[in-house]
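Q: How does the following fold in three dimensions:
(chains A and B)
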Number of protein chains: 2
Amino acid sequence: MPLLRAPGGGLVNVDLQPVGRRVQVAPGSTVLEAAQLAGVQLVAVCGGLGTCGTCRVRAVDGRLGEETEEERTWLDGSERAQGWRLACQTRVVGAVRLEIPPESLSTPQRLQTEGLSVDFELDPAVIAIDLALAPPSLEDLRADTRRLLEGLAAAGAPGTSVELRVAASSSDRLRDQHWQGRAAVRRRPDGTGDLVCIRPPKEPLLGLAVDTGTTKLAAYLVDLAGGHTLARAGAMNPQIVYGEDVVTRVTYANTSPDAARLLHERLVGEIDNLVGVLCAQAGARRDQIVDAVVVGNTVMHHFVTGLPVRQLGEAPYISAVSDAVVAGAAEIGLRLAGGAAVYLPPNIAAYVGSDHVAMLLATGLADTEETVLALDIGTNTEISLAHKGVIWSCSTASGPAFEGAHIHDGMRAAPGAIEHVRFRNGAFQVQTVEAQAPVGICGSGIVDAIAAALDAGIIDERGSLAKDHPLVSRSSGKPTCLLVPAARTGHGRDVVFTRSDVNEVQLAKGAIRAGTELLLQEAGLCASNLDRVVVAGAFGTYLDLQSAIRVGLLVDVDRHRYHQVGNAAGRGAEQLLLSRERRAVADRLAMRVRYVELTVNRSFTDVFAAALSFGTELGRAEERG
Amino acid sequence: MPLLRAPGGGLVNVDLQPVGRRVQVAPGSTVLEAAQLAGVQLVAVCGGLGTCGTCRVRAVDGRLGEETEEERTWLDGSERAQGWRLACQTRVVGAVRLEIPPESLSTPQRLQTEGLSVDFELDPAVIAIDLALAPPSLEDLRADTRRLLEGLAAAGAPGTSVELRVAASSSDRLRDQHWQGRAAVRRRPDGTGDLVCIRPPKEPLLGLAVDTGTTKLAAYLVDLAGGHTLARAGAMNPQIVYGEDVVTRVTYANTSPDAARLLHERLVGEIDNLVGVLCAQAGARRDQIVDAVVVGNTVMHHFVTGLPVRQLGEAPYISAVSDAVVAGAAEIGLRLAGGAAVYLPPNIAAYVGSDHVAMLLATGLADTEETVLALDIGTNTEISLAHKGVIWSCSTASGPAFEGAHIHDGMRAAPGAIEHVRFRNGAFQVQTVEAQAPVGICGSGIVDAIAAALDAGIIDERGSLAKDHPLVSRSSGKPTCLLVPAARTGHGRDVVFTRSDVNEVQLAKGAIRAGTELLLQEAGLCASNLDRVVVAGAFGTYLDLQSAIRVGLLVDVDRHRYHQVGNAAGRGAEQLLLSRERRAVADRLAMRVRYVELTVNRSFTDVFAAALSFGTELGRAEERG
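A: Got it, this is the predicted structure:
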């Protein structure tokens, strides 16, 4: 292995995406070495000899060294034209951002595809109608669609329409099936319906639910008749290489119509890939999927549907569409049954999306008379408060710290990420994802670490690191606290957190806490009035409540009032597949919500400032009465 | 000019399409010479020296001689790969069918784009709603479509929906136009509507009407607010190179999905070209066209919409769709305003299409209490009979004789076609299209010629040519009657008609007359009960009624009861653009019609046999009481 830290030489940044890991290496290092240093395991069957061609990567930003003979051997012309390289051969020559496709990663990242369960009546939008039609004859010359629609009316689905695309595929199919078949009919609220497709007799009809996160995608295949989840699959959002947060992606989309189209196509393409994965798992066919629900934040909603995003990125931040959308799957770019539609629930505002609506549905907030606070913590945190049937919602820019970004040794919840931290007997104890040797720290870990450091007196109420503590060092010029020494890490380097990491967490928790306080103010309530607090999302699931309350991220109420519900948005999407009543609630919900725009709220700056500290009432919940 | 008729050598057939002219030449002739011989004027600026590259043609069936150096100079690789040749350089080596694109023809063919006028209330499906919206602000964060739809509701269009494609283009446009604009809204029968597009304030909204014939296309651009026709354009149906009649094209479409897609794309592509021609004529933009109506026979209807045609070509001959269709223009492949739809009226049966429905509308047959017979004469002839509010319709295979096909010197109504014939002082007198020297005979000319020959005793009641008449010759082995001697024709060869031409006309007129008689039978009527007889279509317009009655093609009623109405289908299409009431009538019409299937009618064979002769009551109308 060559010298990675050249003596006296400058180091350059290598940003590995979508895994979300950064590392500094000496120019001349191979990309494979950089990845290993960062704790990212690439497939490299040949051990880096350039004889297997498996470790493909490409530069998204910045450039890489000269192409080698081995790369010309293993990559064909079109792959090389697209910028694909072999990580073991390619050398780092300057700062570079790399895309690592899933097939080049040896360990899959942990994805969040489970949620909570809520009871509702099974009444899917798309139902099966079994048909046995009389074949045409010289005495019965009815057109195919007339025959079909009259058959549907007789079988209990009067007033059904059939669009051209579906009519075009039905004529041959009805003849091939000798005029027998199962029709999938999507029911409209007015009692009429649309024919989705004709399938072989008795074949089960399936639905697709997708939660489109900024970072991760989660998809579910559901049996519409029984309501069972048949398969689950997750993937990273492939747009990450164009920006980790939605603002960067909106900026990129605005550079040209081609850029906007690319973001749309990569996102929908990955969802379409997940459909293939789900079908393979369940032994199903794409054209059995007769209905789909897609939820996501408003920017993801607009990228999926091909709506313009420019006005989402400029004040006053406006959605192109806020109402529920029912669009043709083919129009969006998903290959499902011929006439399948995609339902996207309404979004509440430019930064409170349909994923939050789905979460409110799944957690019962849409229906409750209780006083409930619900948070969906991410780069952007959406918060809703329900009280006596009224719902207030807001959105706050909490930044990517809890996703592991902008943190010195931050990373996502991949194997080797520190997810829990305790301080015992003068030292930190850590727990990692899949119990692998630590290589970095993910969102729940950084909150734990800071809470522990506060208790140990390593951090003061303003967030400064204690000068004289044995674990605090200033050798690199900036205050750093040692979490795991190099001898016990997976990559042979210290894992630390810095003063600036603490500051990132202060900004994030301050924004979330200020949003919470302002919603309580709007409703004339205080935290002790809350019957329940719902914390949704992957980060919220692994988050230690004690630590979150200790740092002031969450309000200090009885632990038993807290519910950590995982991917409630995905579960809400499944409910929207299975229940027309849930769709009706969702459609009304966005109209009912009182959206609170924090940027025009006069108290926001003061409350935010108070919430930044670990020492104020807002900043240190335990100090409250 | 080389020797075209090689002494003793065999001649080969050259079939020129879509102009519809056949000629026999000696192998070794150039294609330009063959076209000149056939009276088809190609653009050949350089006079056949191969130095201008304008006379492009290609072989659709059969092959041509070796490529010359000049062709390699004037045609690039991709043109040569597509089979394009230069007519002046390319030599005929065997029987061949050639496609001559419109740009290679020096004289345009006469196309039928005029019709009759009928009064109706101006009430187009798509209307303009002028908007002046409040711009978004931090105090008014409504989504763009919510703002737009609430503005439309306030301006008198409540309950409007907006589809994704239209929403996607509206956000930027509304901002560019400072929240002012003209909305085009397509109104649904239930009082709601669909947003078609947002246009600049006050810009006129336009509509497109298209009559899609098997042979010709006619397109009209209409001002929706005033009802005026702004531009008219015609073109040959580009599918002709894949077969002159619908049956051949259905057979071709059934060879593979690619073949069916090709027929769809060529047809829609030519309609889309016509849209460009219309816009250039009227100084308009494609995205001003907010609505479209397309009519055509059922096969053309299915090709335009991309519906399968297999079941149209096999007994019992079933339409995939018979009800009216409203489909997205973009879905069909027409580039109009973003959310523009195409309305296609219903078809009555596999061989009575929406063009016939449009003709019934335009001629008032749909509304009349009179007893009216209406005929649309073509390769397939549709006939309807209205009596006391009931309408009977049938279709009969009249063959292409009246289009000039399967006739020895037959051609379409291009310059030089004989369109009228009289017999005076022992000789035929002819009139040609555009008064050019005769080169062939079109449909109305052949009917005239046979009527005149019957009167002159050259043809007997069975259709045989008189053996001893000076104009009748048997020198070529088959009985031939001289119409114009070589000295007076445009190509220096005799123009004749043969015994077999007479037979073709007998089959055609027998089929049409038998259909007429069977509809009268169904209604319990005879010809004298008819208040009006409507003859539609190009052939019907130029047809001499006296001659048509003489040969037994039409029933013998007072000439003033006849109405020759030209392209009534195109005019009906315009009405459907301009009147929702006309659409409602059309939608109901197809349900009201009693379709009479001639192939299962027991009397058909007898009536047809009687109608073949020129001597029976049906065959020679003048002998009637």
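Q: For the rest of this, base every contact and every neighbour count on C-alpha atoms.
A: Will do.
Q: OK, contacts around the residue positioned nearest the centre of chain A?
A: Nearest residue to the geometric centre of chain A (C-alpha atoms, centre = their mean): residue A:213, 2.2 Å. By C-alpha atoms under 8 Å, 6 or more residues apart in numbering or on different chains, residue A:213 lies in contact with A:237, A:296-297, A:300.
Q: Backbone dihedrals for it, please?
A: Here is the backbone geometry of residue A:213 (degrees, to the nearest 10): phi -80, psi 160.
Q: Kindly report the residues of the stretch 201-350 of chain A close to chain B.
A: Within the stretch 201-350 of chain A, the residues that sit near chain B (C-alpha under 8 Å from any C-alpha of the partner chain) are A:305-308, A:315-323, A:325, A:327, A:349.
Q: what about 6 Å?
A: Proximity of the stretch 201-350 of chain A to chain B (C-alpha under 6 Å from any C-alpha of the partner chain) is limited to residues A:307-308, A:316, A:318-322.
Q: Of all pairs in those residues, which one is the farthest apart?
A: A:307 and A:316 (17.5 Å; C-alpha to C-alpha).
Q: okay, the two: which has more neighbours?
A: A direct count of neighbours by other C-alpha atoms under 10 Å in any protein chain shown for residue A:307 and residue A:316 places residue A:307 higher, at 25 against 17.
Q: Okay, and the residue lying closest to the more buried one once chain neighbours are set aside sits in which element?
A: In this structure, residue A:307 finds its nearest non-sequential neighbour in residue B:168, 4.6 Å apart by C-alpha to C-alpha, 6 or more residues apart in numbering or on different chains. If you go by DSSP states H and E, residue B:168 is part of helix B:164-176.
Q: got it, and residue A:517?
A: Going by DSSP H and E, residue A:517 is part of helix A:499-523.
Q: tell me which residues of stretch A:595-608 are tucked away?
A: For stretch A:595-608, the buried set under the neighbour-count rule, 16 or more other C-alpha atoms under 10 Å in any protein chain shown, comprises A:595-598, A:604, A:607-608.
Q: Averaged pLDDT, it. What do you get?
A: The pLDDT scores in stretch A:595-608 average 90.
Q: quick one: that stretch to chain centroid distance?
A: Distance of stretch A:595-608 from the chain centroid (C-alpha atoms, centre = their mean, to the nearest Å) equals 26 Å.
Q: swap in stretch A:174-186?
A: Relative to the chain's own centre, stretch A:174-186 is displaced by 38 Å; criterion: C-alpha atoms, centre = their mean.
Q: Stretch A:168-184 now?
A: Distance, centroid of stretch A:168-184 to centroid of chain: 39 Å (C-alpha atoms, centre = their mean).
Q: try stretch A:594-611
A: 26 Å.
Q: go on, stretch A:264-279?
A: That offset, for stretch A:264-279, works out to 14 Å (C-alpha atoms, centre = their mean).
Q: Only the buried residues of it, if you could.
A: Buried, per 16+ other C-alpha under 10 Å, within stretch A:264-279: A:264-272, A:274-279.
Q: Identify, from those, the entry nearest to chain B.
A: residue A:264 (12.6 Å; C-alpha to the nearest C-alpha).
Q: and the closest one, that's in a helix?
A: Yes - under DSSP: H, G, I helix; E, B strand; the rest coil, residue A:264 falls within a helix.
Q: That one and residue B:429, how far apart?
A: 70 Å (C-alpha to C-alpha, to the nearest Å).
Q: Repeat that for residue A:452.
A: In this view, residue A:452 and residue B:429 are 112 Å apart by C-alpha to C-alpha.
Q: go on, residue A:208?
A: Distance from residue A:208 to residue B:429, by C-alpha to C-alpha: 75 Å.
Q: Between these two, which has more neighbouring residues?
A: residue A:208 (26 against 15).
Q: was I right about the more buried one contacting residue A:219?
A: No - in this structure residue A:208 lies outside contact range of residue A:219 using C-alpha atoms under 6 Å: 7.1 Å.
Q: ok so, going back, closest one of the contacts of residue A:213 to residue A:332?
A: Using C-alpha to C-alpha, residue A:300 comes nearest to residue A:332 of the contacts of residue A:213, at 13.0 Å.
Q: Roughly how far does the closest one sit from chain B?
A: Relative to chain B, residue A:300 is positioned 14 Å away (criterion: C-alpha to the nearest C-alpha, to the nearest Å).
Q: any idea which element that residue lies in?
A: Going by DSSP H and E, residue A:300 is in helix A:298-305.
Q: who does the next helix or strand after that helix pair up with?
A: Helices and strands here follow DSSP H and E; after helix A:298-305, the next one along the chain is strand A:325-328. Applying DSSP bridges, strand A:325-328 is found paired with strand A:341-344 (antiparallel).
Q: before we move on, the earlier item: who are the packing partners of the helix holding residue A:517?
A: On a contact count with 3 or more C-alpha pairs under 6 Å, 6 or more residues apart in numbering or on different chains; DSSP states H and E, helix A:499-523 meets helix A:604-612.
Q: So residue A:204, which state does it fall into?
A: coil.
Q: distance of it from residue A:338?
A: 16 Å.
Q: Residue A:483 now?
A: Look at residue A:483 and residue A:338: by C-alpha to C-alpha, they are 55 Å apart.
Q: count of neighbours near residue A:526?
A: 13.
Q: Based on its surroundings, how many neighbours for the closest residue to it other than its chain neighbours?
A: In space, and not counting its chain neighbours, residue A:526 is closest to residue A:520: 5.8 Å by C-alpha to C-alpha, 6+ apart. Around residue A:520 there are 21 other residues, counting by other C-alpha under 10 Å.
Q: Verify the assumption that residue A:274 is located in a helix.
A: Yes - counting by three-state DSSP, residue A:274 is located in a helix.
Q: a markdown table for the contacts of residue A:213, including pLDDT?
A: Below are the contacts of residue A:213 laid out as a markdown table (pLDDT from 0 to 100):
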| residue | pLDDT |
| --- | --- |
| A:237 | 93 |
| A:296 | 96 |
| A:297 | 95 |
| A:300 | 97 |
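Q: which of those sit farthest apart?
A: Pairwise distances across the contacts of residue A:213 peak at 12.9 Å for A:237 and A:297 (criterion: C-alpha to C-alpha).
Q: Show me the residue of the stretch 351-500 of chain A that gets nearest to chain B, please.
A: residue A:351 (11.6 Å).
Q: Over to the stretch 151-300 of chain A?
A: For the stretch 151-300 of chain A, C-alpha to the nearest C-alpha, closest residue to chain B: residue A:168, 4.6 Å.
Q: So what's the residue count around that residue?
A: Neighbours of residue A:168 using other C-alpha under 10 Å come to 21.
Q: cool, and residue A:202?
A: There are 12 residues near residue A:202, going by other C-alpha under 10 Å.
Q: Please name the nearest non-neighbouring residue to it.
A: residue A:182 (6.3 Å).
Q: Which of the three states applies to that neighbour?
A: Following three-state DSSP, we place residue A:182 in the strand state.
Q: tell me the contacts of it?
A: Shown in contact with residue A:182 (C-alpha atoms under 6 Å, 6 or more residues apart in numbering or on different chains): A:129-131, A:198-201.
Q: of all the residues you listed, which two lie farthest apart?
A: The most widely separated members of those, counting by C-alpha to C-alpha, are A:129 and A:200 (11.4 Å).
Q: Where does residue A:468 sit: helix, strand or coil?
A: Residue A:468 ends up coil, using three-state DSSP.
Q: what are the phi and psi angles of it?
A: Torsion angles, degrees, to the nearest 10, at residue A:468: phi -100, psi 10.
Q: who touches it in this structure?
A: Per C-alpha under 6 Å, 6+ apart, neighbours of residue A:468: none.
Q: circling back: what about the contacts of residue A:182, which are in helices?
A: Residues of the contacts of residue A:182 located in helices (DSSP state H): none.
Q: Now do the same for residue A:8: its pLDDT.
A: Predicted confidence (pLDDT) for residue A:8: 44.
Q: Low-confidence bits of chain A, can you list those?
A: Flagging of chain A using pLDDT under 70 yields the residue ranges A:1-9, A:43-52, A:102-103, A:105-119, A:616, A:619-625.
Q: Great, nothing more from me.
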